[in-house]
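Visitor: can't give you the sequence, but here's the structure:
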């Protein structure tokens, strides 16, 4: 009983990620929790259409890291991380022009949709439908769509705070977690060389040679 009262007392009324206007027409409405019960009778087979950019090799020395043999996390200063939306990606544009599919989205957008039954923080996506029926799923430029969340589903999640020095707000915790994740993904890679880097057929359209 006491635990339940504490949980409900800590609930936060979060504002919607987009202001819903009175003149909007409701096309459909559903509960995200019902998505967990959706089953696809025929799962289509996957196919890799294009491989772009390069892939550096994992440094397996990090398999030996433990509490007695630890390694400090280093800040990566020479790498840029590209959080582009679907319609900003020239590779997706190329595939759409070639008629390679009917629905286009980035991996981040698909991940949000797949995890939506467990989502707590508000978010939204922009869907564009072309006259030929092709759909593009996009994120908003000002959203935190690509940031990791911290304790989102905890009984007592982080709450917004107007104090600028408070480091435990959802936004600051999200920024910290995302920065840690980005630096970690680069630190565990072997130093780029012809032996440790696999180069694919097409270049990364966002990559700058100075980052290599």
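Guide: Received, thanks. Treat the numbers as computed from the prediction; the structure is a model and nothing was measured.
Visitor: Pull the number of nearby residues for the closest residue to residue 57 other than its chain neighbours.
Guide: Nearest in space to residue 57, with sequence neighbours left out and distances taken as CB to CB, 6 or more residues apart in numbering, is residue 196 at 4.1 Å. For every residue, glycine as well, the C-beta is placed using N, CA and C. Per other CB atoms under 10 Å, the neighbour tally for residue 196 reads 14.
Visitor: Please name the residues that touch residue 196.
Guide: Listed by CB atoms under 8 Å, 6 or more residues apart in numbering, the contact set of residue 196 reads 56-57, 189-190.
Visitor: make it 10 Å
Guide: 55-59, 189-190 (CB atoms under 10 Å, 6 or more residues apart in numbering).
Visitor: Those residues: which two are farthest apart?
Guide: Within the contacts of residue 196, 55 and 59 form the most distant pair, 13.4 Å apart (CB to CB).
Visitor: intersection of neighbour lists for these two?
Guide: Common neighbours of residue 55 and residue 59 (CB under 10 Å, 6+ apart) are 189, 196.
Visitor: List the buried residues for stretch 183-202?
Guide: Neighbour counts over stretch 183-202 (16 or more other CB atoms under 10 Å) mark 183, 188-189 as buried.
Visitor: Residue 33: which of these is nearest?
Guide: Of all the buried residues of stretch 183-202, residue 183 has the smallest distance to residue 33: 35.1 Å, by CB to CB.
Visitor: Kindly indicate whether that closest one is helix, strand or coil.
Guide: Assigned by DSSP: H, G, I helix; E, B strand; the rest coil, the conformation of residue 183 is helix.
Visitor: My guess is it contacts residue 79. True?
Guide: Yes: the pair residue 183 / residue 79 is scored as a contact, 8.8 Å apart, by CB atoms under 10 Å.
Visitor: Quickly list what's touching both of these two.
Guide: By CB under 10 Å, 6+ apart, no residue touches both residue 183 and residue 79.
Visitor: and which of the contacts of residue 196 is nearest residue 134?
Guide: Minimum distance to residue 134 across those is 29.4 Å, recorded for residue 55 (CB to CB).
Visitor: Relative to residue 157, how far out is the closest one?
Guide: Distance, residue 55 to residue 157, by CB to CB, to the nearest Å: 36 Å.
Visitor: quick one: which of those two has more around it?
Guide: residue 157 (18 against 12).
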